[in-house]
Every structure is written in structure tokens, then in C-alpha cells.
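J.: Predicted coordinates and the sequence they were generated for:
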Amino acid sequence: MLKVNLPDGNSLEFSSRVRPIDVASEIGAGLAKATLLAEITNPSDGETKLVDADRPLPEDGEISLRLITKRDEEALAVMRHSCAHVMARAVMRLFDGVELAFGPTVDNGFYYDFHLKHSISEADFPKIEAEMAKIIKENEPFEQIDQPREKALELCKELEQKLKIEHIEEGLGDQSTLSFYRQGEFIDLCGGPHIPSPASIGAFKLLSVAGAYWKGDASRPQLQRIYGTAWFNKKDLEDYLTKVEEAKRRDHRVLGKQLDLFLIDPDVGSGLVMWLPKGATIRRELETFIYAELLKRGYQPVYTPTIGRVGLYETSGHFPYYSDSQFPPIEVDKDERYLLRPMNCPHHIKIYQSKPRSYRDLPLRLAELGLVHRFEQSGELSGMTRVRGFTQDDAHIFCTEEQVADEFRGCIEMTQYVLQTLGLSDYRVRLSFRDPHSDKYVGKAEDWNKAEAALEQVCRDLGLPNLEIEVGEAAFYGPKADFVATDCIGREWQLGTVQLDYNLPSENRFALEYVGADNAPHRPVMIHRAPFGSLERFTGMLIEHFAGAFPLWLAPEQVRVLVVSQKFEEYGREVLNRLLQDGIRATGDWRPEKIGAKIRDAQLELTPYMLIVGGREMEQGTVSVRDRIEGDVGAMPVDDAIAKLNDEIKQKTIRQ
RNA sequence: GCCAGCGUAGCUUCAAUCGGCAGAGCACCGCAUUCGUAAUGCGGGGGUUGUGGGUUCGACUCCCACCGCUGGCUCCA
């Protein structure tokens, strides 16, 4: 006898063995038709898992069962995985000697990795998509088959699936029974679950083909990966494709060029950003903003060189550990080699060490927008977001153990404030802790435990939204908190970070000390923190977030004065001067163009405000204000317009 | 670094039939126009088709190498 508890509180009892689909039929034919899979919860241990709709349930006992249809979140991912199988089946039908690797669901879609002779290109997509459509139309069920280990290996050998054999031997060494899914002639080693049949794959599209290493290991063979997306209906697919287009439209590399924000020139070098006047203006505003915040919070500015002797980085441990991703040292003499710095911390540590420190000096907070260089692999570079030279809005806090929680709180609050000011109020915080079973971490376990508990407490006290704790994700030198912000079209960006460091202050690194109240030496804790992360990356993200239409306080050109005809140029220049005198970034358009054309140009260049002047304005000493968003908002005295602009600048108002 | 794709004027707007005279739009420059809330008209300049080599009577087009870019993989202190 099996007792099945349903989400609505009712329960059903079955005397013979049933499957979720039978439970659904018991409730109603409509539900049975809509059921794609089921989530079962074992009431004794609370463990939940997703299972196929036709997977037999236990004969006896009690379980909770939730039938899953298209409307449930979990269904989409499972359907996409099934769609990956359909794609793999199509590829096997079309090409010879296909070896299957992995084919999981990813955000918004799925992929499948293949090993085959033919080099797949996007030109093959229509053919593959047509075959997939055919397979979906044939609508053969996905059948789950369990095989004992020996049989499973035999089956894979028969199917000539070498990678699957490798995976069974390497990755599934402890499994005595292996799960396969079969659909017609297609059989794949797969844990499932799957939807009952491909009928509910409403709309799909193959997106791109890429190389991918087998098991993500660069020393293993490279496979061909096809990415695709799938949705329950055509409209969802179209919405998704529109979103992708929208993201493309906002691409900071395109906007950066169109709006003259930054330049990357191969003659200077890949991944090295030059900030053009307009981009530099945005950066300057961000810097001014962040510096003001730093000073308010007790940080002190420092400036340090962008190179340092190799020995410094030997002490810090960065050299040669990261030598592959550093520019090679500059050799001045055989005993004198300099490294283009990949980190600012060693320089700041030297400042800390420049004189004896007392507990009364702590916390010491040293801040610098420090330029660092890292030799990222060529294939990694992308616009401003992945570069070889970047500016960290870096600061290092040297504090006592007792001060860690308060300092950490201060860093988190500052990061929150910064993100919120820029309209990035949708973010999650990822706390990364150590894996207690690993020995790769420096520092004492008790310190880690204390620090982790303190960090978590701070995050809970602050009521951080979407707090996640990831065990085993900490850096070897300390736990950290990363801010992952969601932009206005739903993409996530990893931005600010706050990291505790037990390593650099330690005995075998820089051996930092301070004199405590007990007149004995003590070891300080270091905190690294960067609310923006890097100015390059952050600005790149902001360009995309605002689609180039920056809020007034950041806009490189805040106001443009447009004259109705050249007859009013003198008055226009007078207005322009008053704006400039007030510190507003303004220009004038004196071309002999029609006013409509000037408005259009200013609008396309995303200028926040246009001040239009003609005969009427000149007579009355006013300007006609045109807002980039609202359009014509009418005439007002010049002083009123300036006051309005200054207010919006000061408030850092965001209007979209 | 690896896999795949792509490089035509300042432009991520793009054309050039089978290998047969490199051509538009926008931008830019000049002249005329002096205009009231998203494009005034006319004219002009601009190219070693990424670079180098090869095949050919002839190469933007085909082949090879290199450089750069794009999408991924790997990496990310």
C-alpha cells in the first residue's frame, strides 16, 4: 500500500504499483495529458527528486508527489535536456562516426558536445533543425532503461561510444546500475529525467557552434559543441530571440565606438583600453563619486607605482604562481627585474610596514584606483569587460581580528550604496566559504570558522537579498563576498568583491604586525575590497545597462544648446557660457541646419537635455527645454533651467 | 592558447551574377538656404578590398601563411 500526499493537502492510496502518470489519471484526464514529470519527496528524510512521469513509484510506504506540467519552472529545463537528445539524435542521423559526450541544460537553452570528423558549421544548422523537427513529429517516447554495469559497458561498446565508456569508468566508478534513455534508434547514457515524448518541445533554434574540451579539461581532446534554445511555445522563443537582439543592440563595444567612449587599437595592444574624452568624463565622475564615499568612510588615498621588483611578488606569492597570466618581467640587470604589477596589495602592504603600527592605528584603510596588468589569454579578451590592463577601485583594510566584522559590514554597505546609486538595485550576494575537508587553505581552522560565522552574521543582519553561501568556493587565503548584479535586461554581472586575507599578513609572506594594548606583537587581518571591481569592466557594464543613455550626472555631454537659426547664435553662446560657468558639461550646435535636424542629432547622441533658443527665448531671457525622454517640456528662465539641471545632477537621478 | 566563423571607404548599414571596370547610404568637406521640437538642397573628396605570398590572361572572389575581430572552451590572484 502506497500513500501519496498531494500538494493540495489531499492524499491518495494505491494498493498496486503505480507511476506518477497513473496518479495524474486518477485526478483527471486533463492533468494526465499535461503531466511531464514529477517531483517526489521522501517524508522520512525530506529528500526531493525529479522523476519521469512513467517511473514506477515504490509499492509501499508514503511519499509526497507534485505533478509537473509546462507551467512549473522545472519543466523547461527538463524539456531542454530532452531537446538536446533530439539534437544529438539528428546529428547522429546526419553524420558518420559521431561520439556523444555531454548534453546538459544551460541558462535559456542546452548544448550537446560531439566528437566527429565533419567540422560542424552554422551552415549545417538548417539541416540539423529540419531533422530535429522530423524527430519531434515522429514523436517516439523517451524510454528509461537501467543496465547493470557490465551490460552498460557492452552496450556502449556496441554503439561505439568511447567517451561514454570513459565516463562510466572514470566518473561513474561507483555505480552498479547505469541509466540510459532510448528514443527509437537513439540510445544515450543519461541519468534523466526526461519529458515523456518530444511532443511538448514547442519551439527550438540552434544558436552557435563552439569548441569545448572533453570534461572541461584543456589537456583532453577538443569536441564540437552545438548550443540551442528551446521553449514550450513559439512566442517564448521569439521573446527570447528579441532579448538577445536587445543585448546586441546594447553591446558596449558597438556603443563605445558610436558614442566615442573608448578605443582599443591593435598597435597599442589587445586588451589595452584607451579612454576617449567622453568615456574619460564618465570615468572621472565615477572616480569623484567613489573618492567622496571613501573619504566619508575613513579611507585614506595613496598612490603607488604600476611596477615592482620581482622579489615583492615572490614574497606575496603571485610570482611565479601566476606567471602564465602575467606580462614577463622587465630585466634591467640580472639581479634587478621588475614586474608590471598584477595586484596593488603588495605596494599597500609596504606602506603599512613603513613604520611600526599600534592597535590605535587600526583599522588602517588605504585606497587607490590602481592600474594593474594581467596577461589574459588572447581568446579571453573582449571589449572593456575582459582586458589586459585595468583599474581596480581597490582598497586594503588592515585591522584586528575583533574589527573584522565591523570592517566587513562597512565594505558591504558601501558596495550596496554604490550599486544602488547606479540603479543596480537587483543583485545577489555570494558568500564563499572554505571546504572544511580540503587542506588547500592557509590560516587556522578556528579563525576561518570565526570569520565565516561573523561574515554570515553581518550579511543576515543587513538583510542582504538573495544571499547564497557556497562552500568550497573561497579563495585559498580567505572567505569572500561577491556581488552579482542583474542589469535592466536581466543579465548578471559579477562586480564588487570583499575578501578576507589571512595569507599576505602571515609569517611566510609579509609577516605583518601591530603592537597591541598588551604591548605584544599581533598579526592584523587584511581585507581586499572593490565595489566596482574594475573601472573598465564596470563602465562597460554601465554602457550596456543604460544602453549608452547615461543619467545626467554621468553623461559626457549633459546639455546641448540648439539655436533655431544662426541669427540667435550670440544669445545661444550667452546661455552656453552660463551653463559652463555653473560646471555643466554643455556644447552648442551653431550649424546652419534646421532645428529638426539638430534635435535629431542630439537625440541620437543620447544628449540628456537640449536647450532650444530662438527669437522668443531671446526676447524673454528664457530657454525651451527638451528632455531626451519626455520631449518638449516648455520654456523657462535660464536660471530655472540651470537650477533644475543642477538638482538632477546633485541627486544623481536615474530616469529611464 | 584551443575550436569554429568573419575581415570591402570613418561606420558591427552594406552591394559587386560563374574569377572579368570596386559601388550605394550615413558621416565628412564646400556652396546655397536662416528655418520653431527626430533628417533642407546641390556639389565634392575618400579604397593597394586586414597583411604577405601563390594559382590565373585577369583575384574582393580560389589556395597558403600571418594579423585582427566575433562566438565558445580553458583561465580569472
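T.: Received the coordinates, thanks. Numbers count the residues shown, from 1 in each chain, chains lettered A, B, ... in the order given.
J.: tell me the contacts of A:Val418?
T.: With contact set as CB atoms under 8 Å, 6 or more residues apart in numbering, A:Val418 has these partners: A:Phe289, A:Ile290, A:Glu293, A:Gly496, A:Pro531, A:Phe532. Where C-beta positions appear, they are placed from N, C-alpha and C, glycine not excepted.
J.: try 7 Å
T.: Contact analysis of A:Val418 by CB atoms under 7 Å, 6 or more residues apart in numbering lists A:Glu293, A:Pro531, A:Phe532.
J.: Thought A:Gly496 was touching the last one, still the case?
T.: Yes: the pair A:Phe532 and A:Gly496 qualifies as a contact (CB atoms under 7 Å) at a distance of 6.4 Å.
J.: Following the chain past the helix or strand of chain A with the lowest mean pLDDT, name the next helix or strand.
T.: With mean pLDDT, DSSP states H and E as the measure, the helix or strand of chain A carrying the lowest mean pLDDT is helix A:318-321 (a mean of 85). Later in the chain than helix A:318-321, the nearest helix or strand by DSSP states H and E is strand A:330-333.
J.: The following helix or strand past that next one pairs with which strands?
T.: Sequence order places strand A:336-340 as the next helix or strand after strand A:330-333, per DSSP H and E. Strand A:336-340 has its sheet partners listed here by DSSP bridges as strand A:307-309 (antiparallel), strand A:330-333 (antiparallel).
J.: Make JSON lines out of the ones you listed and add distance to RNA strand B and mean pLDDT.
T.: Shown next, in JSON lines, are these (distance: least, CB to the nearest atom of the strand, whole Å; pLDDT from 0 to 100):
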{"stretch": "strand A:307-309", "distance to RNA strand B": "12", "mean pLDDT": "95"}
{"stretch": "strand A:330-333", "distance to RNA strand B": "16", "mean pLDDT": "92"}
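J.: Could you give me the buried positions within stretch A:183-201?
T.: Residues of stretch A:183-201 classed as buried under the neighbour-count rule (16 or more other CB atoms under 10 Å) are A:183, A:186-190, A:192-198, A:200-201.
J.: and the two most separated of those?
T.: The span of those, defined through CB to CB, is set by A:Leu189 and A:Ser200 at 23.4 Å.
J.: which of the contacts of A:Val418 tops the neighbour count?
T.: For those, the largest neighbour count, defined by other CB atoms under 10 Å, is 27 neighbours, found at A:Phe532.
J.: So what touches the helix ranked longest in chain A?
T.: Longest helix of chain A, by residue count under DSSP state H: helix A:73-94. Helix A:73-94 is contacted by residues A:36-37, A:39, A:50, A:68-69, A:98, A:100, A:103-105, A:109-112, A:114, A:127-128, A:131-132, A:135-136, A:142, A:181, A:183, A:186, A:188, A:193-195, A:198, A:200-201, A:204, A:226, A:228, A:230, A:232 when judged by CB under 7 Å, 6+ apart.
J.: And the helix or strand following it, what does it pack against?
T.: Remark: after helix A:73-94, the chain's next helix or strand is strand A:99-100, criterion DSSP H and E. Packing contacts for strand A:99-100, counted by 3 or more CB pairs under 7 Å, 6 or more residues apart in numbering; DSSP states H and E, involve strand A:109-115, helix A:162-170.
J.: ok, 10 Å please
T.: helix A:73-94, strand A:109-115, helix A:162-170, strand A:186-189 (3 or more CB pairs under 10 Å, 6 or more residues apart in numbering; DSSP states H and E).
J.: Mind checking these for the one nearest to RNA strand B?
T.: strand A:109-115 (7.7 Å; CB to the nearest atom of the strand).
J.: Quick one: work out the angle between the closest one and helix A:73-94.
T.: Computed by axes from the mean of the first three to the mean of the last three CA atoms, to 10 degrees, the angle separating strand A:109-115 from helix A:73-94 equals 30 degrees.
J.: any residue of strand A:109-115 up close to RNA strand B?
T.: No: between strand A:109-115 and RNA strand B, judged by CB under 7 Å from any atom of the strand, nothing touches; the nearest distance is 7.7 Å.
J.: For that strand, give the mean pLDDT please.
T.: Taken as a whole, strand A:109-115 has a mean pLDDT of 95.
J.: just to revisit the earlier point, can you tell me which of the contacts of A:Val418 is nearest A:Val387?
T.: A:Phe532 (14.0 Å).
J.: Can you classify the closest one by secondary structure?
T.: coil (DSSP: H, G, I helix; E, B strand; the rest coil).
J.: for the closest residue to it other than its chain neighbours, phi and psi?
T.: With CB to CB, 6 or more residues apart in numbering as the criterion, A:Phe532 has its nearest non-adjacent residue at 4.0 Å, and that residue is A:Phe538. The phi/psi pair for A:Phe538 (degrees, to the nearest 10) reads phi -60, psi -40.
J.: isn't A:Phe538 right up against A:Phe289?
T.: No: the pair A:Phe538 and A:Phe289 fails to qualify as a contact (CB atoms under 10 Å) at a distance of 11.6 Å.
J.: Distance check, whatever residue of chain A ends up closest to RNA strand B against A:Arg386.
T.: Closest residue of chain A to RNA strand B, CB to the nearest atom of the strand: A:Gly379 (2.1 Å). As for A:Gly379, its distance to A:Arg386 is 10 Å (criterion: CB to CB, to the nearest Å).
J.: Please identify which of these two sits among more neighbours.
T.: A:Arg386 (16 against 8).
J.: A:Phe538 and A:Phe289: which is more packed in?
T.: Neighbour count, other CB under 10 Å: between A:Phe538 and A:Phe289, A:Phe538 has more, with 29 against 16.
J.: who touches that one in this structure?
T.: Contacts here follow CB atoms under 10 Å, 6 or more residues apart in numbering; on that basis A:Phe538 touches A:283, A:286, A:290, A:384-385, A:390-391, A:393, A:418, A:422, A:424, A:485, A:493, A:495-496, A:530-532, A:545.
J.: ok, now which ones touch A:Asp236?
T.: A:Leu76, A:Gly202, A:Ala203, A:Thr229, A:Ala230.
J.: hang on, isn't the second one packed against A:Leu237?
T.: Yes: with contacts counted by CB under 10 Å, A:Gly202 reaches A:Leu237, the gap being 7.6 Å.
J.: Show me the common contact partners of the two, please.
T.: Common neighbours of A:Gly202 and A:Leu237 (CB under 10 Å, 6+ apart) are A:Ala230, A:Trp231.
J.: Tell me which helix or strand the residue nearest to the spatial centre of chain A sits in.
T.: The centre of chain A sits closest to A:Trp493, judged by CA atoms, centre = their mean, with a distance of 3.0 Å. Under the criterion of DSSP H and E, A:Trp493 resides in strand A:492-501.
J.: cool, and A:Glu59?
T.: Short version: A:Glu59 belongs to no helix or strand, going by DSSP H and E.
J.: Would you agree it is in contact with A:Lys3?
T.: No: A:Glu59 lies out of contact with A:Lys3 (CB under 10 Å); the separation is 11.6 Å.
J.: overlap in contacts of those two?
T.: A:Phe14.
J.: Contacts only, for A:Asp52.
T.: By CB under 10 Å, 6+ apart, A:Asp52 lies in contact with A:19-21, A:36-38, A:78, A:142-144, A:181, A:192-196.
J.: Sorry, wrong one. I was asking about A:Asn503.
T.: A:Asn503 sits next to A:Ser316, A:Gly317, A:Tyr441, A:Val442, A:Gly443, A:Ala475, A:Phe476, A:Tyr477, A:Gly478, A:Arg509, A:Phe510, A:Met526 when contact means CB under 10 Å, 6+ apart.
J.: if we go to 8 Å?
T.: Contacts of A:Asn503 (CB under 8 Å, 6+ apart): A:Gly317, A:Val442, A:Gly443, A:Phe476, A:Tyr477, A:Gly478, A:Arg509.
J.: The residue lying closest to the third one once chain neighbours are set aside: how many residues sit nearby?
T.: This points to A:Gly443. Leaving aside its sequence neighbours, A:Gly443 sits nearest to A:Tyr502 (CB to CB, 6+ apart; 3.4 Å). A:Tyr502 has 21 neighbouring residues, counting by other CB under 10 Å.
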